[in-house]
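J.: dropping a prediction and its sequence here:
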Amino acid sequence: MSLDAVLTRIDADLEPALARLFALLRIPSISTDPAHAGDVRAAADWLRDDLASMGFAAAVHDTPGHPMVVGQMDGPGPHVLFYGHYDVQPVDPLSLWDRAPFDPALDETPKGRVIRARGAADDKGQLMTFLEACRAIIAETGRLPCKVTVFLEGEEESGSPSLVPYLKEHADMLRADLALICDTGLFSDDVPAITTQLRGMLGEEIVITGPRIDLHSGMYGGIAMNPIRVLSRILAGLHDDQGRVQVPGFYDGVEELSPELAAQWAGLGFDDAAFLGEVGLSHPAGEAGRTGLEMIWSRPTAEVNGITGGYTGAGFKTVLPAQASAKVSFRLVAGQDPLKLRAAFRDWVRAQMPPDCSVTFHAHGASPASQMDIGHPAFEMARRALSQEWPGEAAFIGGGGSIPVAGYFKEILGMDSILAGFGKDDDAIHSPNEKYDLTSFHRGTRAWARILTGLGAS
């Protein structure tokens, strides 16, 4: 297959590719709003028909919620599963949009032309880069260079309630040699990236109870234990002076960054002060001796997300509260067992309960981290392919947050994922005036063509 011919076709067909994307963007597939259930179905049908027009065996699969779209096409190379989602976030507040959110258009900005619409970046524009790459390859060669299964979800923005049951029920159909996910972003405007590690999440709510009712601080202050005092001491002891989490066994299984990844990350030129300066801060507050990228990508964290207790309204009320509570989240890395850490954290808190106080816990999710095997040759091939499309050299990076589907693919289907996306930090996903750079759409399509060609040659 001539890659040059495919890339030339992608360049020549940019206008019709945009027309197809705009047609999809016009469908208000808001999965969280029952009033838009028909629109979500319409988007699924649109994608099924688009896949079928290219020669995919495509179908819409019903779930208890919104449908899944699956398209399959055989090819001589390895089997890859591409994942994207076609549902979008609500558009509120509508008054902050400069144009109708489902009336897509190309806007001129100081940084270049952008596609403006809800879903432009998250995730319709991203998933269409892959479909357009497939379209160009099929048009030039009559087939894809490898077996491709396209798997498109309609519930990502509403918590993916049907995803895990669907994956388990259809594991034989979906299992592949490798997954491709396009729901991430560039490291910077000119530097593409493949996310190879994603932190997991553990959420815990602590409720400490002391007296049976709120107490007058004049009558009981000094003799009665105050649950806020107990809670404050526990939370203050969550980290030591070096920023390390003090829950016993918290760092068990946590590995150091490899020299190769450390060198790549150092070469990205991440500026801690500039990153923090955007939100009015200046000094990194994580573990002492760690770089900024290590703190947000490869090290586990513990953060207090909310505290309640006593009187917090206007004015002043002198009470010792009967209860005090806090919500604590832990971002986890590879090697950490979230359920084991939950037990360790609860034991650590219980051990600090004084007489007359008790503690209860409420769980708020527990998902492990995902770490890909970058020793698989496809990862380095994909990194080179991205580097050929952007001015800067692509890097393997981490992700501070979580993308659950990558973990589910690993856990349920037993395969690693190449997470290569082309969004930018200023795309305003989930916000008014969402956009996707035209260069991201165009270069992203070319990059997937390069990656699919490379996979077919492997």
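T.: Cool, the structure landed.

J.: so where is this protein shaky, pLDDT-wise?
T.: The model of the chain has pLDDT under 70 over residues 1.

J.: got a list of what Ser2 touches?
T.: Ser2 makes contacts with Glu140, as judged by CB atoms under 8 Å, 6 or more residues apart in numbering. Every C-beta, even on glycine, is put in place using the N, C-alpha and C of the backbone.

J.: meant to ask about Glu156, not that
T.: Shown in contact with Glu156 (CB under 8 Å, 6+ apart): 31, 85, 87, 123, 183, 405.

J.: can you rerun that using 7 Å?
T.: 85, 87 (CB atoms under 7 Å, 6 or more residues apart in numbering).

J.: likewise for Gly249?
T.: Counting by CB under 7 Å, 6+ apart, Gly249 makes contact with Ala344.

J.: let's go with 8 Å and repeat that
T.: By CB under 8 Å, 6+ apart, the contact list for Gly249 reads 340-341, 344.

J.: that one: which element?
T.: Secondary structure assignment for Gly249, by DSSP states H and E: no helix or strand.

J.: gap between it and Pro300?
T.: As for Gly249, its distance to Pro300 is 12 Å (criterion: CB to CB, to the nearest Å).

J.: cool, and Arg244?
T.: According to CB to CB, Arg244 and Pro300 sit 10 Å apart.

J.: which neighbours do those two share?
T.: Counting by CB under 8 Å, 6+ apart, the contacts common to Arg244 and Pro300 are Tyr251.

J.: so which of the two has more stuff around it?
T.: Set side by side, Arg244 and Pro300 show more neighbours around Pro300, with 22 against 15, by other CB atoms under 10 Å.

J.: returning to that earlier point: can I get the contacts of Gly249 in JSON lines with distance to Ala58?
T.: Formatted as JSON lines, these follow (distance: CB to CB, whole Å):
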{"residue": "Lys340", "distance to Ala58": "43"}
{"residue": "Leu341", "distance to Ala58": "42"}
{"residue": "Ala344", "distance to Ala58": "47"}
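
J.: closest to Gly267 out of the residues you listed?
T.: Distance to Gly267 across the contacts of Gly249 (CB to CB) is lowest for Leu341, with 32.5 Å.

J.: show me the contacts for the closest residue to the closest one other than its chain neighbours.
T.: Leaving aside its sequence neighbours, Leu341 sits nearest to Leu202 (CB to CB, 6 or more residues apart in numbering; 5.9 Å). By CB under 8 Å, 6+ apart, Leu202 lies in contact with 329-330, 332, 338, 341-342, 345, 365-367.

J.: how about 7 Å then?
T.: 329-330, 332, 338, 341-342, 366.

J.: and Leu174, by the same measure?
T.: By CB under 7 Å, 6+ apart, the residues touching Leu174 are 81, 149, 151, 167, 413.

J.: which single one of the residues you listed is nearest to Asp214?
T.: Nearest to Asp214 among the contacts of Leu174, counting by CB to CB, is Leu167 at 48.3 Å.

J.: coming back round to it: would you list the contacts of Leu202 in TSV and tack on secondary structure and neighbour count?
T.: Shown next, in TSV, are those (DSSP: H, G, I helix; E, B strand; the rest coil; neighbours: other CB atoms under 10 Å):
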residue	secondary structure	neighbour count
Ser329	strand	18
Phe330	strand	23
Leu332	strand	26
Pro338	helix	18
Leu341	helix	23
Arg342	helix	17
Ala366	strand	18
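
J.: each with direction, which strands does the helix or strand containing Leu202 pair with?
T.: Assigned by DSSP H and E, Leu202 belongs to strand 200-209. Sheet pairing of strand 200-209 (DSSP bridges) gives strand 323-332 (antiparallel), strand 358-367 (antiparallel).

J.: just the ones you listed: most buried one?
T.: strand 323-332 (a mean of 21; mean count of other CB atoms under 10 Å).

J.: helices and strands around the longest helix along the chain, which ones?
T.: Across the chain, the longest stretch assigned as helix under DSSP state H is helix 438-457. With contacts taken as 3 or more CB pairs under 7 Å, 6 or more residues apart in numbering; DSSP states H and E, helix 438-457 sits against helix 3-12, strand 77-85, strand 112-116, helix 124-141, strand 146-153, helix 377-387.

J.: quick one: closest of those to Ser282.
T.: Among the helices and strands packed on helix 438-457, the nearest to Ser282 by CB to CB is strand 112-116 (31.1 Å).

J.: put the alpha carbons of the closest one into CSV.
T.: C-alpha atoms of strand 112-116 as CSV (Å, rounded to 0.1, in the frame of the first residue of the first chain):
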residue,chain,number,x,y,z
GLY,A,112,-5.8,29.4,13.5
ARG,A,113,-9.1,27.9,12.3
VAL,A,114,-11.1,25.8,14.7
ILE,A,115,-14.2,23.6,14.5
ARG,A,116,-16.8,25.1,16.9
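
J.: go through that strand and flag the buried ones.
T.: For strand 112-116, burial by neighbour count (16 or more other CB atoms under 10 Å) applies to 114-116.

J.: for that strand, which outside residues touch it?
T.: 99, 104-107, 125, 433, 435-439, 441.

J.: same check, this time on stretch 59-70
T.: Contacts for stretch 59-70 (CB under 7 Å, 6+ apart): 31, 40-41, 44-45, 47-48, 58, 87, 149-155, 161-162, 166.
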